[in-house]
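A.B. asks: Okay, here's the prediction I keep looking at, along with the sequence it came from:
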Amino acid sequence: MSSGPKELHGEIMFRNEVFQTGLMAGLLDGVYDGEMTIGELLGHGNFGLGTFDGLDGEMVILDGVAYQMRADGSIEPAELAQRTPYAVVTNFVPTIRRDLPNSLLRKTASQVLDELTVSKNYMYALKITGSFDWIRTRTVIKQSKPYPRMVDATENEDVLQFDDVDGTIVGFRTPIYEQGISVPGCHAHFIDDSRTVGGHVIDFKLREARVEICPGTELRLNLPLTPEFSAANLSPEDLTEQISKTEKH
Ligand SMILES: [Zn+2]
């Protein structure tokens, strides 16, 4: 395997690994505890997103720091000994950098990003930095055992809107063929510059922002050696519908 840069459709592509622990299908089935510590996870990437054991908040990793954004609104750097049932990270080396048109809505931003990326068949880590007219997020609520399935656990989440904020979106665009492994399409978390508000991104309107994109050409998947993961049903018939319900709204 050659690891040198290649030109594809006019863009320089380097090989870069996306590391993931746990499966989206595992979360859907209520596997909310993992084996991997945040310390170990950060060894695989300085940029990413995920959640914490017990579904205790949204994770965003920026510049090697994992932030825990809990449903009570608190945001703190996570302890390295905390664990995660699901997280996706990479070492963020952007090859594409662009200023985005002003006043973009999420839907239009998504089309713009489509045009910036080389192909739908690779993974992309993306970072949008700038000011937002508004952004809407939600945050998973810590669950207690016996854990409910994710469609039930996420049913009562509030969608919060933050107006006039500066911050960063950390996201991954994932090919549809990763359905069940990850969240197909765009999965993004937000944290503001003062590290006081954030969560799983539902919708936004940018004011002025810049995007940086890092292609992912390798996927390394870490499957938890836990009784819960080994016994989970990872191929439910309504997988697509469950992902849409829990991640897209
Ligand atoms: Zn999320």
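C.D. replies: Good, I have the coordinates.

A.B. asks: Quick one: residues in contact with the longest helix along the chain.
C.D. replies: Longest helix in the chain by number of residues (criterion: DSSP state H): helix 106-116. Contact partners of helix 106-116, identified using CB atoms under 8 Å, 6 or more residues apart in numbering, comprise 96, 98, 100-101, 104, 120, 124, 126, 128, 173, 186, 201, 203-206, 211, 213. From N, CA and C alone the C-beta is placed, and that goes for glycine too.

A.B. asks: Now which of the residues you listed would you call buried?
C.D. replies: Applying 16 or more other CB atoms under 10 Å to these, the neighbour count classes 96, 100, 104, 124, 126, 128, 173, 186, 201, 204-206, 211, 213 as buried.

A.B. asks: so can I have TSV of those showing pLDDT?
C.D. replies: TSV is the format used below for the buried ones among the contacts of helix 106-116 (pLDDT from 0 to 100):
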residue	pLDDT
Ile96	93
Leu100	96
Leu104	96
Tyr124	97
Leu126	98
Ile128	98
Arg173	97
Cys186	93
Val201	97
Phe204	98
Lys205	98
Leu206	98
Val211	98
Ile213	96
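
A.B. asks: What distance do you get for the nearest residue to Asn46 once chain neighbours are set aside to Ala87?
C.D. replies: What sits nearest to Asn46 in space, not counting adjacent residues and going by CB to CB, 6 or more residues apart in numbering, is Gly64, at 4.1 Å. From Gly64 over to Ala87 the distance is 14 Å, taken as CB to CB, to the nearest Å.

A.B. asks: Who has more neighbours out of those two?
C.D. replies: Ala87 (26 against 12; other CB atoms under 10 Å).

A.B. asks: quick one, what contacts the residue lying closest to the more buried one once chain neighbours are set aside?
C.D. replies: On the basis of CB to CB, 6+ apart, the spatially nearest residue to Ala87 that is not a chain neighbour turns out to be Gly50, at 2.7 Å. When the contact criterion is CB under 8 Å, 6+ apart, the partners of Gly50 are Thr21, Gly22, Leu41, Met59, Ile61, Thr84, Tyr86, Ala87, Val88, Val89.

A.B. asks: What's opposite the fifth one in the beta bridge?
C.D. replies: For Ile61, the residues forming beta bridges with it (DSSP bridges) are Gly48, Ala66.

A.B. asks: Which residues are in contact with Leu206?
C.D. replies: Applying CB under 8 Å, 6+ apart, the residues near Leu206 are Leu100, Asn102, Ser103, Leu104, Leu105, Ala109, Ile128, Gly130, Ser131, Phe132, Asp133.

A.B. asks: Now render those residues as a markdown table, adding secondary structure and distance to Thr168.
C.D. replies: Shown next, in a markdown table, are the contacts of Leu206 (DSSP: H, G, I helix; E, B strand; the rest coil; distance: CB to CB, whole Å):
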| residue | secondary structure | distance to Thr168 |
| --- | --- | --- |
| Leu100 | coil | 13 |
| Asn102 | coil | 18 |
| Ser103 | coil | 18 |
| Leu104 | coil | 16 |
| Leu105 | strand | 18 |
| Ala109 | helix | 14 |
| Ile128 | strand | 7 |
| Gly130 | strand | 8 |
| Ser131 | strand | 11 |
| Phe132 | strand | 10 |
| Asp133 | strand | 16 |
